[in-house]
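A.B. asks: Generate coordinates for the sequence data below:
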Amino acid sequence: MKKRYEALLGLDTRGKEETVKDTIDRLEKAFKTEGAEIEQIQRLEKRELAYVHDHQKIVYFVNFIFEAEPALIDKLRSKFKLDEDVTLQNYLQLPAKKATAAAA
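C.D. replies: Below you'll find the model as predicted:
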């Protein structure tokens, strides 16, 4: 049974700021290829980290809200761990979408 998730990804954009859109499009395609149904993509822009991570102080955050089978999360985590553009990743299960009540 599919569940709703949020994936917050921190992207390494050092020296490649002009390719952020292409990177986000590539990540979206990776989600879809693995079977996730994208609900929303939020581009959160560059943010300063509270600490230096992987020699970086500033990363570009993008948030994907999607539906997928629970087993897919580990697969995505492993896949993006190998992606040189993804420096941080965090997954959170979201509550199910409320069904809109039909007007009676």
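A.B. asks: all contacts plus neighbour counts: C-alpha atoms, from now on.
C.D. replies: Will do.
A.B. asks: Could you identify the helix or strand that succeeds the one helix or strand residue 20 maps to?
C.D. replies: If you go by DSSP states H and E, residue 20 is part of helix 20-33. Note on helix 20-33: by DSSP H and E, the next helix or strand toward the C-terminus is strand 37-53.
A.B. asks: Could I get the buried residue list for the helix holding residue 20?
C.D. replies: Within helix 20-33, the residues that qualify as buried are 20, 23-24, 27-28, 31, counting by 16 or more other Cα atoms under 10 Å.
A.B. asks: between these, which is nearest residue 98?
C.D. replies: Distance to residue 98 across these (Cα to Cα) is lowest for residue 31, with 23.2 Å.
A.B. asks: Contacts only, for the closest one.
C.D. replies: Contact partners of residue 31, counting by Cα atoms under 8 Å, 6 or more residues apart in numbering, are 37-38, 76.
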